[in-house]
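[1] Dropping a prediction and its sequence here:
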Amino acid sequence: MGFPGTWMTESESMVYRVVPKCACSTIGQIMYYSDHGEFFDGDIHDAKAGIHKWALDASQGPITENVTARKSYAFTCVRNPYTRVLSSFFDKICGIQRNGRRYRGNLVPLLVQKYGIDVGGDDGKQEFDQIASFRRFLLFARDTIRWRRPMDPDIHWSAVSGHVSTFIINGGTYDNIIWTEQFNEGMQQVLNAVETPHKVDLAAIPRFNESEGHGPKRAHPVEDYFDDLSMHLMREIYKRDFDLFKYDFDNPGNKQPVGEIDLDEVHAKLGD
């Protein structure tokens with residue numbers, strides 16, 4: 001199976017397992033900058049050169065050799081399940097994508113028809129009941145993850161632990177797992193541990209949030225979107241994420257982690 005979703009600098013200074021909706025655009029640009037002294041012109045997800053990606057055939061050999069031999073510092077970045085799934089809803093379900101169309105073509109019409117979700121009209125700019133719509137989306141997300149119906153789960157709302165685990169199962173080892181919520185501290189740890197051709201000044205790095213502006217702004221505090229039933233669904237879908245990455249299940253309003261990530265525990269529980 002190899003190492004899907006894995007990126008590596010051309011200098012092989014660091015290896016990163018991409019997790020969607022967890023600062024991946026910013027991390028990719030930092031990696032690119034650390035090799036070339038400039039940012040990729042555009043969305044780093046579109047880059048076909050200047051950075052190794054598992055999706056590029058020519059990169060698979062170098063990535064496999066590096067990761068299996070543990071030649072470079074390997075890390076990933078995780079995010080609170082409550083804010084991540086909300087972000088996925090507003091970006092992917094309510095938003096118009098970079099190509100000017102809805103995400104995955106017929107996905108939104110399917111959700112409107114089967115789940116009664118409202119997304120703010122054709123352009124996503126009309127007023128709508130965000131809370132009611134999100135809760136229906138969460139039901140859909142659970143159905144895709146639990147029963148793979150009416151479609152397979154999408155990478156943007158499938159569990160973070162699932163993304164993180166493929167790297168371990170196929171022979172990789174993480175040196176660090178950082179939190180989106182404490183990004184500067186975590187990314188500085190990574191940069192302190194590696195030698196890069198170009199020095200990176202984190203304080204001067206812009207945030208590359210490529211999904212920002214796709215969808216409507218969240219109109220309510222995070223906790224308002226989650227009632228008892230929603231929290232039950234969140235536990236069903238994301239229990240491992242809360243447990244392994246030390247997020248507060250009982251308080252959706254607290255996006256900060258509540259403990260330290262135990263790398264040994266992550267490797268043990270996600271490696272079988």
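    On my side now, so go ahead.

[2] how about the helices in the stretch 51-200 of the chain?
    Listed from the start of the chain, the stretch 51-200 of the chain has helices (DSSP state H, counting those that start in this stretch) covering 57-69, 81-88, 107-115, 130-147, 160-169, 183-193.

[3] okay, those helices in TSV with distance to Val18, mean pLDDT and mean neighbour count next?
    Where C-beta positions appear, they are placed from N, C-alpha and C, glycine not excepted. Below are the helices of the stretch 51-200 of the chain laid out as TSV (distance: least, CB to CB, whole Å; pLDDT from 0 to 100; neighbours: other CB atoms under 10 Å):
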stretch	distance to Val18	mean pLDDT	mean neighbour count
helix 57-69	12	98	15
helix 81-88	14	96	23
helix 107-115	21	92	15
helix 130-147	19	96	18
helix 160-169	8	98	20
helix 183-193	14	98	16
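
[4] Out of those, the one nearest Lys217 is which?
    helix 130-147 (9.5 Å; CB to CB).

[5] And that closest one, what does it pack against?
    On a contact count with 3 or more CB pairs under 8 Å, 6 or more residues apart in numbering; DSSP states H and E, helix 130-147 meets helix 81-88, helix 107-115, helix 228-245.

[6] Can you get me the centre-to-centre distance for the shortest one and its chain?
    Going back to what we said before, that points to helix 81-88. Distance of helix 81-88 from the chain centroid (CA atoms, centre = their mean, to the nearest Å) equals 10 Å.

[7] show me where pLDDT drops low in this protein?
    210-214 (pLDDT under 70).

[8] how does it divide into domains?
    As assigned by automatic domain parsing, the chain contains the domains 6-79+157-204, 82-155+215-238.

[9] Can I get those in JSON lines including distance to Gly271?
    Shown next, in JSON lines, are the domains of the chain (distance: least, CB to CB, whole Å):
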{"stretch": "domain 6-79+157-204", "distance to Gly271": "4"}
{"stretch": "domain 82-155+215-238", "distance to Gly271": "19"}
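
[10] Which one of those lies nearest to Leu244?
    domain 6-79+157-204 (5.9 Å).

[11] how far does the closest one stretch from start to finish?
    Domain 6-79+157-204 has an end-to-end distance of 25 Å (CA to CA, to the nearest Å).

[12] now swap in stretch 146-157 and tell me
    12 Å.

[13] In JSON lines: the helices of the stretch 51-200 of the chain, plus distance to Asp228.
    Listed next are those as JSON lines, based on distance: least, CB to CB, whole Å:
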{"stretch": "helix 57-69", "distance to Asp228": "42"}
{"stretch": "helix 81-88", "distance to Asp228": "14"}
{"stretch": "helix 107-115", "distance to Asp228": "19"}
{"stretch": "helix 130-147", "distance to Asp228": "11"}
{"stretch": "helix 160-169", "distance to Asp228": "23"}
{"stretch": "helix 183-193", "distance to Asp228": "31"}
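
[14] nearest to Ser13, of the ones you listed?
    Among the helices of the stretch 51-200 of the chain, helix 183-193 sits nearest to Ser13 (CB to CB), with 9.5 Å.

[15] right, and the domains of the chain - which one's nearest Pro252?
    Checking those against Pro252 by CB to CB gives domain 82-155+215-238 as the closest, at 4.4 Å.

[16] Fine by me, we can end here.
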